[in-house]
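**Q** what's the 3D shape of this:
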Amino acid sequence: MKLDAGCEMVLETKAEVAAVVMLMPQSGEAQTVLQSEIEVTPAISHHDYRDAFGNICRRLVFPAGRSTLRATCTAEVSDEIDVNPQAGFTLAQDLPDDVLQYLLPSRFVESDLLVKKAHKVVKPGFFNKIEPGYQQAEAIRDWIFRKLKYKYGASGPTTSAVDTAKKREGVCRDFTHLGISLCRALRIPARMVVGYLHTLDPMDLHAWFEAFVGGRWYTFDATQKVAKGNRIVIAYGRDAADVAQITEFGPMQTVSMKVWVTPR
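**A** All right, here's what the predicted structure looks like:
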């Protein structure tokens, strides 16, 4: 499916504020980006670079007052996610160099504190056997979907995976952090993904996780009973600290924000 997607934010500052914006998707295995653009009003200078995870970032300095940031893109995406229950566990010594970092604890993902929990979640039942690898990641995704309550306002910008495991409520960011933590606790590399999801209701930027099994990355979305396709990936990272749509280096208020995803 071909999708048009975008995000518009009205931002306010009392003085000049430097910032990094991460709202430009790039072509990859499941998507071909046909167009991607960021416009800021009033117009300001900028330059782009790639971060340590390969994401496209834009550096700029917002002037004092109100600014409107509008990011748009058009992408051809897969209607369904790839599913492969036979994808097996990969030993650490066999992982690609750039995947190793996704085994370690990170800012919001205290996987070292959730090892017992992870083993409990994937413990086989009397009638079902869960093989190491994809099946474990899917068992984690399913457990989060069944056991956690999706609730706006239940978490904040500092909420971590351990917090969510205790409270058992939150939003897509929290579900994703917990999924990543439980995977890493089982030595399955996992990373955070942010982007657009067609038919998301209410519409917003979305977060999910990917697990590296069977020699490649697979998509898992703990907010859905069955994970849907038609996703536009904007950025990858270890957790939310790596994939913020705006990282500001000074006081900045988001006055309003709207997100849209429409099929062509």
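**Q** List the buried residues in the host helix or strand of residue 57.
**A** Element membership of residue 57 [criterion: DSSP states H and E] is strand 56-62. Using 16 or more other C-beta atoms under 10 Å as the test for burial, strand 56-62 gives 56, 57, 58, 60, 62. In short, each C-beta sits where N, CA and C put it, glycine included.
**Q** thought the last one was touching residue 43?
**A** Same thing as residue 62. No: using C-beta atoms under 8 Å, residue 62 is not in contact with residue 43, being 11.6 Å away.
**Q** okay, and for the stretch 51-200 of the chain, where does confidence drop off?
**A** Per-residue confidence for the stretch 51-200 of the chain (pLDDT under 70) gives these ranges: 126-127.
**Q** just the strands in it please.
**A** Applying DSSP state E, counting those that start in this stretch to the stretch 51-200 of the chain gives strands spanning 56-62, 65-77, 149-150, 169-170, 190-197.
**Q** got a markdown table for these, with distance to residue 96 too?
**A** A markdown table is the format used below for the strands of the stretch 51-200 of the chain (distance: least, C-beta to C-beta, whole Å):
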| stretch | distance to residue 96 |
| --- | --- |
| strand 56-62 | 21 |
| strand 65-77 | 25 |
| strand 149-150 | 34 |
| strand 169-170 | 31 |
| strand 190-197 | 13 |
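**Q** Please identify the deepest-packed of those.
**A** strand 190-197 (a mean of 25; mean count of other C-beta atoms under 10 Å).
**Q** That strand pairs with which strands, and in what direction?
**A** Counting by DSSP bridges, the strands paired with strand 190-197 are strand 206-213 (antiparallel), strand 231-237 (antiparallel).
**Q** and the last one, how far out from the chain's middle?
**A** Taking C-alpha atoms, centre = their mean, to the nearest Å, one finds strand 231-237 lying 6 Å from the centre of the chain it belongs to.
**Q** Which residues does it contact?
**A** 3, 5, 22-25, 28, 30-31, 33, 53-55, 73, 75, 77-78, 81, 191-198, 205-206, 208, 210, 219, 242-243, 245, 261 (C-beta atoms under 8 Å, 6 or more residues apart in numbering).
**Q** Going C-terminal from that strand, what's the next secondary structure element?
**A** strand 246-248.
**Q** and that following strand, how far from the chain's centre?
**A** Distance, centroid of strand 246-248 to centroid of chain: 16 Å (C-alpha atoms, centre = their mean).
**Q** now stretch 61-77
**A** On C-alpha atoms, centre = their mean, the centre of stretch 61-77 falls 19 Å from that of its chain.
**Q** Output that stretch as PDB - backbone C-alpha positions only.
**A** Provided in PDB are the C-alpha atoms of stretch 61-77 (Å, rounded to 0.1, in the frame of the first residue of the first chain):
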ATOM      1  CA  VAL A  61      17.800  26.400  15.900                       C
ATOM      2  CA  PHE A  62      14.300  27.500  16.600                       C
ATOM      3  CA  PRO A  63      13.900  31.300  17.100                       C
ATOM      4  CA  ALA A  64      12.100  32.800  20.100                       C
ATOM      5  CA  GLY A  65       8.300  32.800  19.700                       C
ATOM      6  CA  ARG A  66       6.100  30.300  17.900                       C
ATOM      7  CA  SER A  67       7.200  28.000  15.100                       C
ATOM      8  CA  THR A  68       5.300  25.400  13.100                       C
ATOM      9  CA  LEU A  69       7.100  22.200  12.100                       C
ATOM     10  CA  ARG A  70       5.500  20.100   9.400                       C
ATOM     11  CA  ALA A  71       7.000  16.700   8.400                       C
ATOM     12  CA  THR A  72       5.500  14.800   5.500                       C
ATOM     13  CA  CYS A  73       6.300  11.600   3.600                       C
ATOM     14  CA  THR A  74       5.000   9.200   1.000                       C
ATOM     15  CA  ALA A  75       6.000   5.500   1.200                       C
ATOM     16  CA  GLU A  76       5.200   2.200  -0.300                       C
ATOM     17  CA  VAL A  77       4.800  -0.300   2.600                       C
END
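**Q** Fine by me, we can end here.
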